[in-house]
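S.K.: Predicted model and sequence below, questions to follow.
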Amino acid sequence: MEIQNYIINDVEAFDVSSKLKDVQAVFNQLTYSHIPVKKDGHYIGSISETDAYCFESNKLLSDYQYAIEPFHVLEDTNWLDILEAFALYGSNIMPVLGTENKYLGYYELGDIMSLFNNTPFLNETGGIIVVEKGVQDYSFSEICQIVESNGTRIFGAFISKIVNDTVQVTIKVGHSGINTIVQTFRRYNYVIVSQHEEDKFLEDLKERSNYLDKYLNI
């Protein structure tokens, strides 16, 4: 995947000596949350739209250099790390740097999200299983082995939640044999968080509950 092909360079980084009113004018024309800033030809960070409008327009960026956020990714950064950077800094653009902090352009959040949307995890037909287990007790190798031992392909898995000593893992699998996979996870002491219509275990519990209700009402 040639992530560098998604670098956009139609927005020049503002020099730190620029006036705030010029930065504000660019924000008026764009929908970006941040604009890159450079000093002596090198990228030093980005100014947010919120800050740019809060500061006095007749002053310079250098007067508010403390507000410039130094986030960025490198030219060879993996797209998943880029997506993580977007989430971490709450920006919809991500400046890209080459050697010696040279500003090459930026990524747009929408473009990086489209890469994720085109992965098998999202665009392959299948089912989602969410399992839960102790942080010290689960392993991805075991999770993959459980799925694949039931003759089903696994399209991806990631940790979707951690609370105290418990971790939840979201798994995308092929459509076949989901009920069997769910039962196997239970035998390995995983809690099934997701709901599955074909889950025979839950169906049995429901039937027993209905039977108990009828017995108590006799």
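M.R.: Received the coordinates, thanks.

S.K.: the strands in the protein, which residues?
M.R.: 14-15, 34-39, 42-48, 73-74, 93-97, 103-108, 127-134, 154-163, 166-173, 191-192 (DSSP state E).

S.K.: what are the pairing partners of the longest one, and which direction each?
M.R.: It refers to strand 154-163. Strand 154-163 pairs in its sheet with strand 166-173 (antiparallel), by DSSP bridges.

S.K.: What residues sit buried inside the strand it pairs with?
M.R.: 167-173 (16 or more other C-beta atoms under 10 Å). C-betas here are computed from N, CA, C, even on glycine.

S.K.: related to what we said a few turns ago, nearest to residue 81, out of the strands of the chain?
M.R.: strand 73-74 (6.9 Å; C-beta to C-beta).

S.K.: Quick check: can you name the pairing partners of that closest one and their directions?
M.R.: strand 93-97 (parallel).

S.K.: Quick one: mean pLDDT over the partner strand.
M.R.: pLDDT averaged over strand 93-97 equals 96, rounded to a whole number.

S.K.: CA-only coordinates of that strand, as CSV, when you get a sec.
M.R.: Taking Å, rounded to 0.1, in the frame of the first residue of the first chain, the C-alpha atoms of strand 93-97 are listed here in CSV:
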residue,chain,number,x,y,z
ILE,A,93,-5.2,16.9,8.7
MET,A,94,-1.8,15.3,9.6
PRO,A,95,1.4,17.1,8.4
VAL,A,96,4.0,14.8,6.8
LEU,A,97,7.7,15.4,7.3
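
S.K.: Show me how far that strand is from its chain's centre.
M.R.: 17 Å (C-alpha atoms, centre = their mean, to the nearest Å).

S.K.: Assess the claim that residue 104 and residue 75 are in contact.
M.R.: Yes - the criterion here is C-beta atoms under 8 Å, and residue 104 meets it with residue 75 at 6.2 Å.

S.K.: When those two are compared, which one has more neighbours?
M.R.: Of the pair residue 104 and residue 75, residue 104 is the one with more neighbours under other C-beta atoms under 10 Å, namely 17 against 14.

S.K.: who touches that one in this structure?
M.R.: By C-beta atoms under 8 Å, 6 or more residues apart in numbering, the contact set of residue 104 is 7, 9, 75, 96-98.

S.K.: Swap in 6 Å and give it another go.
M.R.: Contacts of residue 104 were listed using C-beta atoms under 6 Å, 6 or more residues apart in numbering, and they are 7, 96, 98.

S.K.: For these, pick the one with the most neighbours.
M.R.: Highest neighbour count within the contacts of residue 104, by other C-beta under 10 Å: residue 96, with 26 neighbours.

S.K.: Not counting its neighbours along the chain, what's nearest it?
M.R.: Ranked by C-beta to C-beta, 6 or more residues apart in numbering and with sequence neighbours excluded, the top spatial neighbour of residue 96 is residue 104, at 4.7 Å.
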